[in-house]
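Student: No letters, just coordinates:
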């Protein structure tokens with residue numbers, strides 16, 4: 001009986017970890033992943049601030065600005 005209770009506890013703890021939200025992607029990530037950056041920016045603009053995690057909105061928008069500035073500077 002004790003082994004069954006221990007096994008059940010281990011399973012419950014394992015499942016509890018599955019519900020953790022993923023870490024928000026970073027500005028650097030979005031600088032190097034254009035499709036993801038554009039997708040997140042579109043979701044942020046169209047979702048009336050309901051997109052989660054909201055931190056990704058800022059990271060994607062800052063990365064887009066940085067990429068645009070680098071592109072503009074290299075064109076000159």
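Tutor: Alright, I've got the coordinates. On a predicted model such as this, the values are computed, not experimentally measured, just so you know. Numbers count the residues shown, from 1 in each chain.
Student: what does stretch 68-76 rub up against?
Tutor: By Cβ atoms under 8 Å, 6 or more residues apart in numbering, no surrounding residue is in contact with stretch 68-76. Yep, even glycine has a C-beta here, placed from its N, CA and C like the rest.
Student: Quick check: mean pLDDT of that stretch?
Tutor: Average pLDDT, stretch 68-76: 86.
Student: How about residue 34, nearest residue that isn't a chain neighbour?
Tutor: residue 67 (7.6 Å; Cβ to Cβ, 6 or more residues apart in numbering).
Student: ok, that neighbour touching residue 28?
Tutor: No: look at residue 67 against residue 28 with Cβ atoms under 8 Å: they stay out of range, at 11.2 Å.
Student: Between these two, which has more neighbouring residues?
Tutor: residue 67 (15 against 11; other Cβ atoms under 10 Å).
Student: Backbone torsions only: list them for the more buried one.
Tutor: phi -60, psi -40 (degrees, to the nearest 10).
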